[in-house]
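Asks: Fold the following for me, if possible:
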Amino acid sequence: MASFTIGGLSTGIDYNELISKLIEVKRQPINILENKKTTYNGQISLYSDLASKLSTLKSAADKLKTSSNFYVKSAAVSDSTVLSATANGTASVGNYSVSVTTLASEEKEVHSGVAASSTVINNSGSSKVFQYTYAGTQRSLTVADGTTLDGLKNLINDDTGNPGVAATVVNDGIGGTPYRLIITGNSSGATKTITIDAGTTLDGTGSTTDFRSATFTQKKTAVDSDFTVDGLRINKSSNSVTDVITGVTINLKKAGESVSSTISVTADTDGIVTQIDSFVTAYNGVVDFLSTNMAYDSVTKVSGALSGEGTARNIQNRLREIIGDTVSGLSDDYKMFAQIGITTDSETGKLVLNSTTLKTKLASNLDDVADIFKDTSEGIATRIYDYIGDITSTVDGSITLRKNGLKDIIENIDNTIKNMEYRLDKTEDDLVRQFTSLELLVSGLNTVGNYLTGFSTKA
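Replies: Numbering: from 1, shown residues only. Next up, the predicted model:
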């Protein structure tokens with residue numbers, strides 16, 4: 001807006017206020033566009049919030065759309081000092097007897113020691129080599145003249161080709177050489193052995209410290225775990241076992257003669273109910289959000305920010321259709337939510353879960369209830385999951401497309417406002433010039449009038 005100051009001494013008119021009022025009237029279309037921008041930006045923000053709530057619902061549906069996720073199983077052990085166990089939905093209900101003979105272990109090699117961590121282990125005047133092999137991979141490290149014990153430790157740890165060992169220096173306080181290099185394998189199992197190889201030229205001669213194999217003591221041996229499951233003997237490289245009993249993870253803790261524990265896998269009905277309840281809660285969160293932002297208040301005459309938005313309305317209608325639909329191909333008694341204790345409130349559209357009815361159905365017909373949710377293509381959780389994936393796609397999802405459309409509208413409004421502001425500034429400049437000319441004209445006429453009046457008086 002232009003800056004102006006016009007005196008009104010000749011006409012008695014406040015031109016500044018007059019021009020300001022005229023411009024204010026002409027600015028009304030711009031104000032209307034600014035309000036539309038605010039509305040559109042608000043809608044973009046609401047669509048982002050809607051996408052977030054839909055994502056929560058999608059995650060809840062994901063926990064119900066497959067057998068491995070729907071069937072919540074729990075695992076209990078008879079002796080938790082021997083092992084622990086967890087089960088997922090693919091585990092079969094039953095009892096499994098586990099006896100543990102040997103725990104898997106990593107290998108640990110300990111050097112005979114030097115006087116201090118700062119002791120120079122190569123003072124020969126030339127570079128030497130420390131060579132070792134771990135799990136079949138050999139490394140030859142160049143040990144420069146002047147390298148200390150700590151320096152060798154760092155060479156091992158910082159080696160970009162380190163095959164999987166960790167070096168430490170420990171002061172055990174024993175004898176005159178208490179600082180010992182310890183090399184430990186990062187993984188357990190019989191194949192994860194450590195050897196100090198013949199290529200090591202730190203041999204104790206020529207002002208070097210001897211780091212050949214004879215100076216190392218094996219404190220832990222790389223071995224596999226050895227155990228039986230229902231009498232079947234098994235060896236594994238780790239104490240965490242996931243591929244022996246389908247769906248069950250076993251963590252071995254203690255071994256020895258007569259060391260055993262029983263794993264009991266059971267169906268966790270309460271866990272399934274919890275997952276379904278989370279689904280219901282997430283769905284109701286979406287329903288609440290849409291209802292609030294699409295509603296028209298007949299008392300205040302105010303519409304929600306998404307009222308009239310086709311994208312939001314389509315999402316609302318489609319979710320209702322999926323939730324209220326039947327699952328084809330299932331028995332007549334188990335093909336829709338209402339038959340397992342999940343009903344829809346006719347006024348709010350929200351789901352109501354009767355946990356007592358649901359638990360009864362799960363106890364008597366677990367698989368039938370599961371199929372309502374997880375049927376490969378028709379299950380309600382499956383359809384909800386797939387539909388939300390489609391509409392929230394960052395490429396061509398309906399929410400993404402609508403947000404992009406609103407952004408385009410806002411960009412067009414910004415360009416329109418820019419042009420209107422330019423024309424408004426020009427109009428203001430024109431008014432200033434016109435009223436200035438008028439003031440000058442009136443001032444001149446007043447001067448002539450005053451002259452004529454004075455001349456007449458003298459005559």
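
Asks: can you list contacts of the helix or strand hosting Thr101?
Replies: Element membership of Thr101 [criterion: DSSP states H and E] is strand 94-102. Contact with strand 94-102 is made by 82-83, 223-231, 245, 248, 250, 252, 254-265, as judged by C-beta atoms under 8 Å, 6 or more residues apart in numbering. Every residue, glycine included, has its C-beta placed from N, CA and C.

Asks: Show me what that strand pairs with in its sheet, parallel or antiparallel.
Replies: strand 225-229 (antiparallel), strand 260-267 (antiparallel) (DSSP bridges).

Asks: residues of that strand that come out buried?
Replies: 96, 98-100 (16 or more other C-beta atoms under 10 Å).

Asks: returning to that earlier point: report the buried members of the contacts of strand 94-102.
Replies: Burial by neighbour count, 16+ other C-beta under 10 Å: within the contacts of strand 94-102 this picks out 82-83, 223-227, 229, 245, 248, 250, 252, 255, 259-261, 263, 265.

Asks: hang on, the earlier thing: among the strands paired with strand 94-102, which comes closest to Ile32?
Replies: Of all the strands paired with strand 94-102, it is strand 260-267 that lies closest to Ile32, at 62.4 Å by C-beta to C-beta.

Asks: Ignoring the adjacent residues along the chain, who's closest to Thr356?
Replies: Distance criterion C-beta to C-beta, 6 or more residues apart in numbering; nearest residue to Thr356, sequence neighbours excluded, is Gly341 at 7.3 Å.

Asks: Torsion angles phi and psi at the one you found?
Replies: Main-chain dihedrals, Gly341, degrees, to the nearest 10: phi 100, psi 20.

Asks: quick one: contacts for it?
Replies: The contact partners of Gly341, by C-beta under 8 Å, 6+ apart, come to 353-358, 360-361.

Asks: Distance of Thr168 relative to Gly304?
Replies: From Thr168 over to Gly304 the distance is 64 Å, taken as C-beta to C-beta, to the nearest Å.

Asks: higher neighbour count, those two?
Replies: Set side by side, Thr168 and Gly304 show more neighbours around Gly304, with 17 against 13, by other C-beta atoms under 10 Å.

Asks: Just the pLDDT for that one.
Replies: For Gly304, the pLDDT comes out at 91.

Asks: wait, it sits on Ala312?
Replies: No: the criterion here is C-beta atoms under 8 Å, and Gly304 misses it with Ala312 at 9.2 Å.

Asks: Need the residues touching each of the two.
Replies: With C-beta under 8 Å, 6+ apart, Gly304 and Ala312 have common neighbours 293-294.

Asks: Give me the mean pLDDT for the strand holding Thr101.
Replies: The model assigns strand 94-102 a mean pLDDT of 97.

Asks: Look up phi and psi at Asn239.
Replies: Asn239 has phi and psi values of phi -90, psi -10 when expressed as degrees, to the nearest 10.

Asks: Leaving out chain neighbours, which residue sits closest to it?
Replies: Closest to Asn239 by C-beta to C-beta, 6+ apart is Leu252, at 4.2 Å.

Asks: Next, the contact list for the one you found, please.
Replies: 82-83, 100, 103-104, 225, 227, 239-241.

Asks: what's the closest of these to Thr300?
Replies: Nearest to Thr300 among those, with distances taken as C-beta to C-beta, is Ser240, at 61.1 Å.

Asks: Setting aside sequence neighbours, what's the nearest residue to Ala76?
Replies: Using C-beta to C-beta, 6+ apart, the nearest residue to Ala76 is Ser264, at 4.8 Å.

Asks: my read: the one you found touches Ala75, true?
Replies: Yes: with contact defined as C-beta under 8 Å, Ser264 reaches Ala75; the gap is 6.9 Å.

Asks: re earlier: quick one: which of the contacts of Leu252 is nearest to Thr142?
Replies: Nearest to Thr142 among these, counting by C-beta to C-beta, is Ala104 at 33.7 Å.

Asks: Hmm, Ser188 and that closest one touching each other?
Replies: Yes: with contacts counted by C-beta under 8 Å, Ala104 reaches Ser188, the gap being 4.0 Å.

Asks: Can you check which residues contact both of those two?
Replies: With C-beta under 8 Å, 6+ apart, Ala104 and Ser188 have common neighbours 223-225, 237-239.

Asks: Tell me the pLDDT of the nearest residue to Gly329 once chain neighbours are set aside.
Replies: Once flanking residues are discounted, Gly329 sits nearest to Glu378: 6.6 Å by C-beta to C-beta, 6+ apart. On the pLDDT scale, Glu378 is placed at 88.

Asks: quick one on the thing from earlier: restrict the contacts of Gly341 to the buried ones and give me that as a ChimeraX selection.
Replies: Command for ChimeraX that selects the buried part of these, burial taken from 16+ other C-beta under 10 Å:
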select :353,358,361
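
Asks: From the contacts of Gly341, which land in helices?
Replies: Among the contacts of Gly341, DSSP state H puts 355-358, 360-361 in helices.

Asks: For those, please prepare JSON lines with the additional fields pLDDT and distance to Leu149.
Replies: JSON lines is the format used below for the ones in helices among the contacts of Gly341 (pLDDT from 0 to 100; distance: C-beta to C-beta, whole Å):
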{"residue": "Ser355", "pLDDT": "95", "distance to Leu149": "65"}
{"residue": "Thr356", "pLDDT": "95", "distance to Leu149": "70"}
{"residue": "Thr357", "pLDDT": "96", "distance to Leu149": "71"}
{"residue": "Leu358", "pLDDT": "96", "distance to Leu149": "66"}
{"residue": "Thr360", "pLDDT": "95", "distance to Leu149": "70"}
{"residue": "Lys361", "pLDDT": "95", "distance to Leu149": "69"}
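
Asks: I appreciate the help and will end here.
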